[in-house]
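1. Got a predicted structure here, sequence first:
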There are 2 protein chains.
Amino acid sequence: MSSRKAVVLSSGGIDSTTALAIAKAEGYEIYSLTFSYGQRHVAELDAARRVADFFKVDKHLVVALDLRPIGGSALTDRIGVPKGRSVDDMVRDIPATYVPARNTIFLSYALAWAEVLLAGDIFIGVNAVDYSGYPDCRPEFIAAYERLANLATKAAVEGKLAMHIRTPLIAMKKAEIIKKGIELGVDYSLTHSCYDPSPGGRACGLCDSCILRRKGFTEAAIPDPTLYGGIPR
Amino acid sequence: MSSRKAVVLSSGGIDSTTALAIAKAEGYEIYSLTFSYGQRHVAELDAARRVADFFKVDKHLVVALDLRPIGGSALTDRIGVPKGRSVDDMVRDIPATYVPARNTIFLSYALAWAEVLLAGDIFIGVNAVDYSGYPDCRPEFIAAYERLANLATKAAVEGKLAMHIRTPLIAMKKAEIIKKGIELGVDYSLTHSCYDPSPGGRACGLCDSCILRRKGFTEAAIPDPTLYGGIPR
(Lines give C-alpha, C1' and ligand atoms only; values in the text may rest on other atoms or scores of the structure.)
Protein backbone atom coordinates (compact mmCIF):
# COMPACT_ATOMS: atom_id res chain seq x y z
CA MET A 1 0.00 0.00 0.00
CA SER A 2 1.11 3.53 -0.72
CA SER A 3 1.36 6.12 2.00
CA ARG A 4 -0.39 8.91 0.18
CA LYS A 5 -2.38 11.27 2.32
CA ALA A 6 -6.07 12.06 1.98
CA VAL A 7 -8.20 14.63 3.75
CA VAL A 8 -11.65 13.15 4.34
CA LEU A 9 -14.64 15.31 5.21
CA SER A 10 -16.32 13.40 8.00
CA SER A 11 -19.72 14.30 9.40
CA GLY A 12 -20.25 11.05 11.27
CA GLY A 13 -23.05 10.02 8.90
CA ILE A 14 -23.38 7.05 6.56
CA ASP A 15 -21.99 8.68 3.44
CA SER A 16 -18.86 10.33 4.80
CA THR A 17 -18.07 7.27 6.92
CA THR A 18 -18.30 5.04 3.86
CA ALA A 19 -16.13 7.47 1.88
CA LEU A 20 -13.58 7.29 4.71
CA ALA A 21 -13.66 3.48 4.62
CA ILE A 22 -13.06 3.57 0.86
CA ALA A 23 -10.09 5.93 1.23
CA LYS A 24 -8.68 3.70 3.97
CA ALA A 25 -9.12 0.60 1.78
CA GLU A 26 -7.25 2.38 -1.02
CA GLY A 27 -4.28 2.70 1.33
CA TYR A 28 -4.34 6.41 2.13
CA GLU A 29 -3.16 7.94 5.37
CA ILE A 30 -6.40 9.45 6.65
CA TYR A 31 -6.78 13.02 7.90
CA SER A 32 -10.43 13.37 8.86
CA LEU A 33 -11.99 16.79 9.15
CA THR A 34 -15.19 17.59 11.01
CA PHE A 35 -16.94 20.91 11.52
CA SER A 36 -18.66 22.24 14.56
CA TYR A 37 -20.69 24.92 12.79
CA GLY A 38 -23.51 25.67 15.17
CA GLN A 39 -25.60 22.79 13.81
CA ARG A 40 -28.53 21.71 15.96
CA HIS A 41 -27.53 18.07 15.56
CA VAL A 42 -24.24 18.21 17.49
CA ALA A 43 -24.62 14.47 18.06
CA GLU A 44 -22.86 14.10 14.73
CA LEU A 45 -19.64 15.45 16.24
CA ASP A 46 -19.56 12.52 18.68
CA ALA A 47 -20.28 10.16 15.82
CA ALA A 48 -17.39 11.60 13.79
CA ARG A 49 -15.05 11.04 16.75
CA ARG A 50 -16.23 7.43 17.14
CA VAL A 51 -15.66 6.85 13.42
CA ALA A 52 -12.16 8.38 13.60
CA ASP A 53 -11.29 6.09 16.51
CA PHE A 54 -12.78 3.04 14.79
CA PHE A 55 -10.70 3.57 11.66
CA LYS A 56 -7.58 4.66 13.59
CA VAL A 57 -7.16 7.71 11.38
CA ASP A 58 -3.79 9.48 11.35
CA LYS A 59 -5.36 12.69 12.61
CA HIS A 60 -8.88 13.90 13.30
CA LEU A 61 -9.37 17.65 13.32
CA VAL A 62 -12.55 19.35 14.51
CA VAL A 63 -12.74 22.90 13.23
CA ALA A 64 -15.08 25.29 15.00
CA LEU A 65 -16.80 27.80 12.82
CA ASP A 66 -20.02 29.59 13.40
CA LEU A 67 -22.44 29.77 10.51
CA ARG A 68 -25.27 31.04 12.73
CA PRO A 69 -24.58 34.78 12.16
CA ILE A 70 -25.00 34.09 8.43
CA GLY A 71 -28.21 32.11 9.00
CA GLY A 72 -30.61 30.98 6.30
CA SER A 73 -30.92 27.31 7.27
CA ALA A 74 -33.09 25.09 9.44
CA LEU A 75 -29.87 23.45 10.65
CA THR A 76 -28.39 26.61 12.11
CA ASP A 77 -31.31 29.02 12.41
CA ARG A 78 -34.75 29.15 14.00
CA ILE A 79 -36.50 27.50 11.08
CA GLY A 80 -38.32 24.16 11.48
CA VAL A 81 -36.73 20.97 10.12
CA PRO A 82 -39.14 19.51 7.50
CA LYS A 83 -40.59 16.12 8.48
CA GLY A 84 -42.26 13.28 6.67
CA ARG A 85 -41.26 14.24 3.12
CA SER A 86 -41.07 11.59 0.41
CA VAL A 87 -37.86 11.07 -1.56
CA ASP A 88 -39.67 12.56 -4.58
CA ASP A 89 -40.37 15.71 -2.57
CA MET A 90 -36.70 15.92 -1.71
CA VAL A 91 -35.57 15.80 -5.31
CA ARG A 92 -38.18 18.39 -6.35
CA ASP A 93 -37.49 21.04 -3.72
CA ILE A 94 -34.27 22.00 -2.04
CA PRO A 95 -35.35 21.90 1.61
CA ALA A 96 -34.99 24.32 4.52
CA THR A 97 -32.17 22.16 5.87
CA TYR A 98 -29.98 23.41 3.03
CA VAL A 99 -27.11 25.40 4.56
CA PRO A 100 -25.93 28.21 2.27
CA ALA A 101 -22.61 27.33 0.62
CA ARG A 102 -21.86 24.67 3.23
CA ASN A 103 -19.92 22.26 1.06
CA THR A 104 -18.09 25.19 -0.55
CA ILE A 105 -16.97 26.30 2.91
CA PHE A 106 -16.12 22.77 4.08
CA LEU A 107 -14.11 21.99 0.94
CA SER A 108 -12.21 25.26 1.36
CA TYR A 109 -11.00 24.23 4.80
CA ALA A 110 -10.17 20.78 3.46
CA LEU A 111 -8.18 22.43 0.69
CA ALA A 112 -6.23 24.54 3.19
CA TRP A 113 -5.40 21.48 5.29
CA ALA A 114 -4.55 19.41 2.21
CA GLU A 115 -2.09 22.07 1.12
CA VAL A 116 -0.37 22.12 4.52
CA LEU A 117 -0.21 18.29 4.59
CA LEU A 118 0.67 18.05 0.88
CA ALA A 119 -2.29 15.68 0.53
CA GLY A 120 -3.41 15.43 -3.10
CA ASP A 121 -6.83 13.91 -2.45
CA ILE A 122 -9.89 15.25 -0.68
CA PHE A 123 -12.68 12.72 -0.16
CA ILE A 124 -16.23 13.99 0.21
CA GLY A 125 -19.20 11.64 0.59
CA VAL A 126 -21.58 13.56 -1.64
CA ASN A 127 -24.22 11.60 -3.40
CA ALA A 128 -26.51 12.80 -6.17
CA VAL A 129 -28.97 9.89 -6.22
CA ASP A 130 -30.57 9.35 -2.79
CA TYR A 131 -30.03 12.87 -1.55
CA SER A 132 -31.78 16.01 -0.44
CA GLY A 133 -31.37 17.90 -3.70
CA TYR A 134 -28.59 20.16 -2.43
CA PRO A 135 -26.84 21.97 -5.32
CA ASP A 136 -23.43 21.48 -3.75
CA CYS A 137 -23.69 17.69 -3.99
CA ARG A 138 -23.84 17.58 -7.80
CA PRO A 139 -21.03 16.40 -10.11
CA GLU A 140 -20.84 19.78 -11.90
CA PHE A 141 -20.25 21.53 -8.58
CA ILE A 142 -17.48 19.08 -7.68
CA ALA A 143 -15.80 19.45 -11.09
CA ALA A 144 -15.85 23.25 -10.74
CA TYR A 145 -14.38 22.94 -7.25
CA GLU A 146 -11.55 20.70 -8.40
CA ARG A 147 -10.70 23.20 -11.11
CA LEU A 148 -10.68 26.01 -8.56
CA ALA A 149 -8.54 24.00 -6.13
CA ASN A 150 -5.80 23.68 -8.71
CA LEU A 151 -5.66 27.45 -9.16
CA ALA A 152 -6.07 28.43 -5.51
CA THR A 153 -3.03 27.19 -3.68
CA LYS A 154 0.65 27.89 -3.63
CA ALA A 155 1.40 24.15 -3.67
CA ALA A 156 -0.69 23.62 -6.81
CA VAL A 157 0.66 26.69 -8.61
CA GLU A 158 4.25 25.66 -7.83
CA GLY A 159 3.53 22.20 -9.24
CA LYS A 160 4.01 20.44 -5.90
CA LEU A 161 0.46 19.17 -5.68
CA ALA A 162 -2.31 18.18 -8.08
CA MET A 163 -5.58 18.33 -6.15
CA HIS A 164 -8.27 15.74 -6.71
CA ILE A 165 -11.73 15.98 -5.22
CA ARG A 166 -12.77 12.36 -4.78
CA THR A 167 -16.46 11.49 -4.68
CA PRO A 168 -16.65 7.69 -4.67
CA LEU A 169 -20.36 7.67 -3.74
CA ILE A 170 -21.66 10.24 -6.17
CA ALA A 171 -23.51 7.81 -8.43
CA MET A 172 -24.52 5.26 -5.79
CA LYS A 173 -27.92 4.67 -4.24
CA LYS A 174 -28.05 4.74 -0.44
CA ALA A 175 -28.52 0.96 -0.33
CA GLU A 176 -25.41 0.45 -2.46
CA ILE A 177 -23.44 2.78 -0.20
CA ILE A 178 -24.46 0.77 2.86
CA LYS A 179 -23.60 -2.55 1.18
CA LYS A 180 -20.21 -1.17 0.16
CA GLY A 181 -19.55 0.01 3.71
CA ILE A 182 -20.56 -3.33 5.25
CA GLU A 183 -18.19 -5.04 2.80
CA LEU A 184 -15.40 -2.73 4.08
CA GLY A 185 -16.19 -3.44 7.73
CA VAL A 186 -18.05 -0.24 8.65
CA ASP A 187 -20.01 -0.43 11.90
CA TYR A 188 -22.95 1.84 11.11
CA SER A 189 -24.14 1.83 14.70
CA LEU A 190 -21.34 4.37 15.29
CA THR A 191 -22.83 6.80 12.77
CA HIS A 192 -25.47 9.49 13.14
CA SER A 193 -27.72 10.92 10.43
CA CYS A 194 -30.70 12.66 12.08
CA TYR A 195 -31.06 16.43 11.67
CA ASP A 196 -33.29 16.77 14.70
CA PRO A 197 -32.34 14.23 17.36
CA SER A 198 -33.75 14.07 20.89
CA PRO A 199 -31.58 15.58 23.66
CA GLY A 200 -30.38 12.01 24.33
CA GLY A 201 -29.24 11.71 20.71
CA ARG A 202 -32.02 9.43 19.42
CA ALA A 203 -32.96 9.87 15.78
CA CYS A 204 -36.37 11.41 14.97
CA GLY A 205 -37.08 8.97 12.13
CA LEU A 206 -38.96 11.62 10.13
CA CYS A 207 -36.51 14.18 8.78
CA ASP A 208 -35.10 13.80 5.25
CA SER A 209 -31.88 12.37 6.59
CA CYS A 210 -33.63 9.72 8.71
CA ILE A 211 -35.95 8.81 5.84
CA LEU A 212 -33.06 8.34 3.40
CA ARG A 213 -31.16 6.32 6.00
CA ARG A 214 -34.08 4.01 6.78
CA LYS A 215 -34.85 3.55 3.10
CA GLY A 216 -31.22 2.65 2.47
CA PHE A 217 -31.11 -0.07 5.11
CA THR A 218 -34.47 -1.43 3.98
CA GLU A 219 -33.42 -1.61 0.33
CA ALA A 220 -30.05 -3.11 1.25
CA ALA A 221 -31.90 -5.72 3.35
CA ILE A 222 -29.54 -4.97 6.21
CA PRO A 223 -30.84 -4.39 9.76
CA ASP A 224 -30.83 -0.70 10.67
CA PRO A 225 -28.84 -0.29 13.92
CA THR A 226 -30.27 3.20 14.56
CA LEU A 227 -32.12 4.00 17.76
CA TYR A 228 -35.22 5.92 16.76
CA GLY A 229 -36.72 7.76 19.70
CA GLY A 230 -40.35 6.81 20.16
CA ILE A 231 -41.01 6.42 16.44
CA PRO A 232 -42.58 3.07 15.54
CA ARG A 233 -40.47 1.20 12.96
CA MET B 1 -29.19 55.06 -7.28
CA SER B 2 -30.24 51.45 -7.21
CA SER B 3 -30.55 49.53 -3.97
CA ARG B 4 -28.72 46.42 -5.03
CA LYS B 5 -26.80 44.66 -2.30
CA ALA B 6 -23.11 43.82 -2.28
CA VAL B 7 -21.07 41.78 0.14
CA VAL B 8 -17.64 43.39 0.47
CA LEU B 9 -14.70 41.52 1.97
CA SER B 10 -13.12 44.08 4.27
CA SER B 11 -9.77 43.56 5.97
CA GLY B 12 -9.30 47.17 7.02
CA GLY B 13 -6.41 47.60 4.56
CA ILE B 14 -5.98 49.91 1.58
CA ASP B 15 -7.25 47.56 -1.11
CA SER B 16 -10.44 46.27 0.51
CA THR B 17 -11.30 49.77 1.77
CA THR B 18 -10.94 51.17 -1.73
CA ALA B 19 -13.05 48.30 -3.12
CA LEU B 20 -15.69 49.17 -0.53
CA ALA B 21 -15.60 52.84 -1.55
CA ILE B 22 -16.06 51.83 -5.20
CA ALA B 23 -19.05 49.60 -4.35
CA LYS B 24 -20.55 52.44 -2.32
CA ALA B 25 -20.01 54.91 -5.17
CA GLU B 26 -21.78 52.49 -7.52
CA GLY B 27 -24.84 52.73 -5.28
CA TYR B 28 -24.82 49.34 -3.59
CA GLU B 29 -26.14 48.64 -0.13
CA ILE B 30 -22.95 47.51 1.62
CA TYR B 31 -22.63 44.36 3.71
CA SER B 32 -19.03 44.28 4.86
CA LEU B 33 -17.50 41.04 6.05
CA THR B 34 -14.36 40.74 8.16
CA PHE B 35 -12.66 37.64 9.53
CA SER B 36 -11.06 37.12 12.86
CA TYR B 37 -8.97 34.10 11.90
CA GLY B 38 -6.23 33.98 14.47
CA GLN B 39 -4.09 36.45 12.53
CA ARG B 40 -1.25 38.04 14.45
CA HIS B 41 -2.22 41.46 13.14
CA VAL B 42 -5.58 41.79 14.91
CA ALA B 43 -5.22 45.57 14.58
CA GLU B 44 -6.84 45.07 11.17
CA LEU B 45 -10.13 44.13 12.88
CA ASP B 46 -10.30 47.56 14.51
CA ALA B 47 -9.44 49.17 11.18
CA ALA B 48 -12.27 47.25 9.45
CA ARG B 49 -14.71 48.50 12.09
CA ARG B 50 -13.54 52.10 11.63
CA VAL B 51 -13.96 51.75 7.87
CA ALA B 52 -17.48 50.29 8.29
CA ASP B 53 -18.45 53.22 10.50
CA PHE B 54 -16.88 55.76 8.16
CA PHE B 55 -18.84 54.46 5.17
CA LYS B 56 -22.03 53.87 7.18
CA VAL B 57 -22.38 50.36 5.80
CA ASP B 58 -25.76 48.61 6.06
CA LYS B 59 -24.24 45.82 8.12
CA HIS B 60 -20.76 44.85 9.23
CA LEU B 61 -20.27 41.21 10.18
CA VAL B 62 -17.16 39.87 11.88
CA VAL B 63 -16.93 36.10 11.51
CA ALA B 64 -14.67 34.25 13.91
CA LEU B 65 -12.87 31.27 12.47
CA ASP B 66 -9.69 29.71 13.59
CA LEU B 67 -7.15 28.85 10.93
CA ARG B 68 -4.42 28.17 13.50
CA PRO B 69 -5.09 24.41 13.83
CA ILE B 70 -4.54 24.17 10.06
CA GLY B 71 -1.35 26.24 10.25
CA GLY B 72 1.15 26.68 7.46
CA SER B 73 1.44 30.48 7.51
CA ALA B 74 3.54 33.18 9.15
CA LEU B 75 0.30 35.07 9.79
CA THR B 76 -1.27 32.35 11.92
CA ASP B 77 1.63 30.12 12.91
CA ARG B 78 5.00 30.46 14.62
CA ILE B 79 6.86 31.31 11.46
CA GLY B 80 8.66 34.65 11.08
CA VAL B 81 7.15 37.40 8.92
CA PRO B 82 9.67 38.17 6.14
CA LYS B 83 11.10 41.69 6.30
CA GLY B 84 12.85 44.03 3.92
CA ARG B 85 11.98 42.21 0.68
CA SER B 86 11.90 44.14 -2.57
CA VAL B 87 8.78 44.14 -4.76
CA ASP B 88 10.71 41.98 -7.24
CA ASP B 89 11.32 39.41 -4.49
CA MET B 90 7.60 39.38 -3.77
CA VAL B 91 6.64 38.63 -7.33
CA ARG B 92 9.26 35.87 -7.60
CA ASP B 93 8.47 33.93 -4.43
CA ILE B 94 5.19 33.36 -2.68
CA PRO B 95 6.12 34.36 0.88
CA ALA B 96 5.62 32.73 4.27
CA THR B 97 2.75 35.13 4.94
CA TYR B 98 0.67 33.20 2.40
CA VAL B 99 -2.26 31.62 4.27
CA PRO B 100 -3.35 28.32 2.70
CA ALA B 101 -6.59 28.76 0.76
CA ARG B 102 -7.43 31.98 2.61
CA ASN B 103 -9.27 33.78 -0.16
CA THR B 104 -11.06 30.54 -1.07
CA ILE B 105 -12.32 30.30 2.50
CA PHE B 106 -13.19 34.00 2.74
CA LEU B 107 -15.07 33.98 -0.56
CA SER B 108 -17.01 30.91 0.57
CA TYR B 109 -18.34 32.75 3.62
CA ALA B 110 -19.10 35.76 1.44
CA LEU B 111 -20.99 33.46 -0.92
CA ALA B 112 -23.05 32.01 1.94
CA TRP B 113 -23.95 35.48 3.20
CA ALA B 114 -24.66 36.75 -0.33
CA GLU B 115 -27.09 33.89 -0.83
CA VAL B 116 -28.95 34.66 2.41
CA LEU B 117 -29.09 38.39 1.54
CA LEU B 118 -29.82 37.72 -2.15
CA ALA B 119 -26.84 39.94 -2.95
CA GLY B 120 -25.58 39.30 -6.48
CA ASP B 121 -22.19 40.96 -6.09
CA ILE B 122 -19.20 40.12 -3.95
CA PHE B 123 -16.42 42.71 -3.94
CA ILE B 124 -12.90 41.59 -3.14
CA GLY B 125 -9.94 43.96 -3.25
CA VAL B 126 -7.48 41.58 -4.82
CA ASN B 127 -4.75 43.06 -6.92
CA ALA B 128 -2.37 41.25 -9.22
CA VAL B 129 0.10 44.07 -9.88
CA ASP B 130 1.57 45.43 -6.63
CA TYR B 131 0.96 42.32 -4.59
CA SER B 132 2.66 39.55 -2.68
CA GLY B 133 2.35 36.91 -5.39
CA TYR B 134 -0.47 35.01 -3.71
CA PRO B 135 -2.11 32.55 -6.15
CA ASP B 136 -5.59 33.38 -4.88
CA CYS B 137 -5.30 36.99 -6.01
CA ARG B 138 -4.99 36.16 -9.73
CA PRO B 139 -7.70 36.75 -12.37
CA GLU B 140 -7.84 33.04 -13.29
CA PHE B 141 -8.57 32.14 -9.67
CA ILE B 142 -11.35 34.73 -9.49
CA ALA B 143 -12.91 33.52 -12.76
CA ALA B 144 -12.90 29.91 -11.50
CA TYR B 145 -14.49 31.05 -8.25
CA GLU B 146 -17.26 32.94 -10.02
CA ARG B 147 -18.03 29.85 -12.08
CA LEU B 148 -18.16 27.74 -8.92
CA ALA B 149 -20.37 30.28 -7.13
CA ASN B 150 -23.02 29.96 -9.82
CA LEU B 151 -23.16 26.19 -9.33
CA ALA B 152 -22.88 26.12 -5.55
CA THR B 153 -25.99 27.75 -4.20
CA LYS B 154 -29.69 27.07 -4.12
CA ALA B 155 -30.40 30.68 -5.11
CA ALA B 156 -28.18 30.44 -8.19
CA VAL B 157 -29.48 27.01 -9.23
CA GLU B 158 -33.08 28.18 -8.86
CA GLY B 159 -32.29 31.20 -11.05
CA LYS B 160 -32.89 33.72 -8.27
CA LEU B 161 -29.36 35.04 -8.23
CA ALA B 162 -26.49 35.44 -10.68
CA MET B 163 -23.32 35.77 -8.65
CA HIS B 164 -20.59 38.14 -9.71
CA ILE B 165 -17.18 38.30 -8.08
CA ARG B 166 -16.16 41.92 -8.49
CA THR B 167 -12.46 42.82 -8.48
CA PRO B 168 -12.27 46.51 -9.40
CA LEU B 169 -8.59 46.78 -8.36
CA ILE B 170 -7.21 43.69 -10.04
CA ALA B 171 -5.25 45.51 -12.75
CA MET B 172 -4.36 48.64 -10.77
CA LYS B 173 -1.02 49.62 -9.29
CA LYS B 174 -1.02 50.48 -5.59
CA ALA B 175 -0.57 54.19 -6.38
CA GLU B 176 -3.60 54.12 -8.70
CA ILE B 177 -5.65 52.40 -5.99
CA ILE B 178 -4.73 55.13 -3.50
CA LYS B 179 -5.53 57.91 -5.98
CA LYS B 180 -8.88 56.31 -6.75
CA GLY B 181 -9.66 56.04 -3.04
CA ILE B 182 -8.71 59.66 -2.34
CA GLU B 183 -10.99 60.69 -5.22
CA LEU B 184 -13.82 58.76 -3.53
CA GLY B 185 -13.17 60.34 -0.14
CA VAL B 186 -11.36 57.48 1.61
CA ASP B 187 -9.53 58.47 4.79
CA TYR B 188 -6.57 56.09 4.69
CA SER B 189 -5.53 57.00 8.22
CA LEU B 190 -8.36 54.66 9.28
CA THR B 191 -6.77 51.69 7.51
CA HIS B 192 -4.15 49.19 8.62
CA SER B 193 -1.79 47.14 6.45
CA CYS B 194 1.11 45.87 8.57
CA TYR B 195 1.47 42.10 9.11
CA ASP B 196 3.58 42.54 12.22
CA PRO B 197 2.52 45.64 14.14
CA SER B 198 3.79 46.66 17.58
CA PRO B 199 1.53 45.88 20.55
CA GLY B 200 0.29 49.48 20.27
CA GLY B 201 -0.71 48.88 16.64
CA ARG B 202 2.13 50.78 14.95
CA ALA B 203 3.23 49.49 11.55
CA CYS B 204 6.66 47.83 11.29
CA GLY B 205 7.48 49.48 7.96
CA LEU B 206 9.45 46.45 6.75
CA CYS B 207 7.02 43.62 5.97
CA ASP B 208 5.75 43.12 2.39
CA SER B 209 2.49 44.81 3.22
CA CYS B 210 4.17 47.91 4.70
CA ILE B 211 6.59 48.10 1.79
CA LEU B 212 3.81 47.95 -0.79
CA ARG B 213 1.83 50.54 1.16
CA ARG B 214 4.74 53.00 1.44
CA LYS B 215 5.64 52.54 -2.21
CA GLY B 216 2.01 53.23 -3.15
CA PHE B 217 1.82 56.52 -1.27
CA THR B 218 5.22 57.61 -2.58
CA GLU B 219 4.30 56.86 -6.19
CA ALA B 220 0.92 58.51 -5.79
CA ALA B 221 2.68 61.59 -4.34
CA ILE B 222 0.20 61.55 -1.47
CA PRO B 223 1.37 61.88 2.15
CA ASP B 224 1.32 58.49 3.94
CA PRO B 225 -0.78 58.89 7.10
CA THR B 226 0.60 55.67 8.63
CA LEU B 227 2.33 55.70 12.00
CA TYR B 228 5.46 53.61 11.63
CA GLY B 229 6.80 52.54 15.01
CA GLY B 230 10.39 53.63 15.39
CA ILE B 231 11.24 53.03 11.74
CA PRO B 232 12.93 56.04 10.11
CA ARG B 233 10.99 57.18 7.04
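-> Looks like it came in fine. Numbers count the residues shown, from 1 in each chain, chains lettered A, B, ... in the order given.

2. From here on, just use CA atoms for contacts and neighbour counts.
-> Fine.

3. what's near enough to touch A:Asn127?
-> A:Asn127 is in contact with A:15, A:137-138, A:167, A:169-173, counting by Cα atoms under 8 Å, 6 or more residues apart in numbering or on different chains.

4. List just the nearest of those residues to B:Ile30.
-> Distance to B:Ile30, by Cα to Cα, is smallest for A:Cys137 among these, at 30.4 Å.

5. returning to what we had before: so which of the contacts of A:Asn127 is surrounded by the most neighbours?
-> For the contacts of A:Asn127, the largest number of neighbours (other Cα atoms under 10 Å in any protein chain shown) sits with A:Asp15, at 25 neighbours.

6. count of residues packed around A:Gly84?
-> 12.

7. That one: what's its closest spatial neighbour, skipping adjacent residues?
-> Take A:Gly84 and drop its neighbours on the chain: the residue closest to it by Cα to Cα, 6 or more residues apart in numbering or on different chains is A:Leu206, 5.1 Å away.

8. again with A:Lys83
-> Counting by Cα to Cα, 6+ apart, the residue nearest A:Lys83 is A:Cys207, at 4.5 Å.

9. Distance check, the one you found against chain B.
-> Applying Cα to the nearest Cα, to the nearest Å, the value for A:Cys207 to chain B is 19 Å.

10. I'd say that residue and A:Asp196 touch.
-> Yes - using Cα atoms under 8 Å, A:Cys207 is in contact with A:Asp196, at 7.2 Å.

11. Test for you: state the pLDDT assigned to the residue with the largest distance to the centre of chain A.
-> Most distant from the centre of chain A: A:Glu158, at 30.3 Å, with distances by Cα atoms, centre = their mean. On the pLDDT scale, A:Glu158 is placed at 88.

12. can you pull out the helices in chain A?
-> For chain A, helices defined by DSSP state H occupy the ranges A:14-25, A:43-54, A:87-92, A:102-117, A:139-152, A:154-157, A:174-183, A:208-220.

13. what's the angle between the last one and helix A:14-25?
-> For helix A:208-220 against helix A:14-25, the angle between stretch directions is 60 degrees (axes from the mean of the first three to the mean of the last three Cα atoms, to 10 degrees).

14. ok, back up a step: so the residue nearest to A:Gly84 touches A:Val87, yeah?
-> No - taking contacts as Cα under 8 Å, A:Leu206 lies outside contact range of A:Val87: 11.7 Å.

15. Give me the more crowded residue out of those two.
-> A:Leu206 (21 against 16).

16. where does the more buried one land on pLDDT?
-> 90.

17. just A:Thr191 next, same as before
-> pLDDT, read off for A:Thr191, is 95.

18. picking that back up, could you tell me which residues touch both of A:Cys207 and A:Asp196?
-> Joint contacts of A:Cys207 and A:Asp196 (Cα under 8 Å, 6+ apart) are A:Val81.

19. So for the two, which residue has more residues nearby?
-> When A:Cys207 and A:Asp196 are compared for neighbours, A:Asp196 comes out ahead with 26 against 22, by other Cα under 10 Å.

20. For the more buried one, what are phi and psi?
-> Main-chain torsions, A:Asp196, degrees, to the nearest 10: phi -140, psi 60.

21. Pull the contacting residues for it.
-> A:40-41, A:81, A:203-204, A:207.

22. How about the residues of chain A by chain B?
-> Applying Cα under 8 Å from any Cα of the partner chain, we find that chain A lies next to chain B at A:63-66, A:69-72, A:94, A:100-102, A:104-105, A:108-109, A:111-113, A:115-116, A:134-136, A:140-141, A:144-145, A:147-148, A:151-154, A:157.

23. Regarding chain A, what is its longest strand?
-> Assignment by DSSP state E gives strand A:29-36 as the longest strand of chain A.

24. Each with direction, which strands does it pair with?
-> If you go by DSSP bridges, strand A:29-36 pairs up with strand A:5-9 (parallel), strand A:59-64 (parallel).

25. Output these as CSV; include the columns mean neighbour count and mean pLDDT.
-> Below are the strands paired with strand A:29-36 laid out as CSV (neighbours: other Cα atoms under 10 Å in any protein chain shown; pLDDT from 0 to 100):
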stretch, mean neighbour count, mean pLDDT
strand A:5-9, 27, 98
strand A:59-64, 17, 94
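
26. Rebuild these as a markdown table, extending it with distance to B:Ala162.
-> Formatted as a markdown table, the strands paired with strand A:29-36 follow (distance: least, Cα to Cα, whole Å):
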| stretch | distance to B:Ala162 |
| --- | --- |
| strand A:5-9 | 28 |
| strand A:59-64 | 30 |
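
27. Tell me who's in contact with A:Tyr228.
-> So A:Tyr228 contacts A:202-205 (Cα under 8 Å, 6+ apart).

28. Drop anything exposed from these.
-> Buried residues within these, counting neighbours by 16 or more other Cα atoms under 10 Å in any protein chain shown: A:202-205.

29. Return the residues in contact with the closest residue to A:Ile165 other than its chain neighbours.
-> Using Cα to Cα, 6+ apart and skipping the chain neighbours, the partner closest in space to A:Ile165 is A:Ile122 (5.0 Å). Taking Cα under 8 Å, 6+ apart as the contact definition, A:Ile122 lies against A:6-9, A:110-111, A:114, A:163-166.

30. Next one: A:Ile122 relative to chain B, how far apart?
-> Counting by Cα to the nearest Cα, the gap from A:Ile122 to chain B is 14 Å.

31. and of the contacts of A:Asp196, the nearest to A:Gly181?
-> Nearest to A:Gly181 among these, counting by Cα to Cα, is A:Ala203 at 20.6 Å.

32. doesn't B:Ala156 make contact with A:Phe141?
-> No - counting by Cα under 8 Å, A:Phe141 stays clear of B:Ala156, with 11.9 Å between them.

33. how about the residue lying closest to A:Leu169 once chain neighbours are set aside, phi and psi?
-> Leaving out its chain neighbours, the residue that sits closest to A:Leu169 by Cα to Cα, 6+ apart is A:Asn127, at 5.5 Å. The phi/psi pair for A:Asn127 (degrees, to the nearest 10) reads phi -150, psi 130.

34. what's the distance between A:Asn127 and B:Gly80?
-> The gap separating A:Asn127 from B:Gly80 is 43 Å, by Cα to Cα, to the nearest Å.
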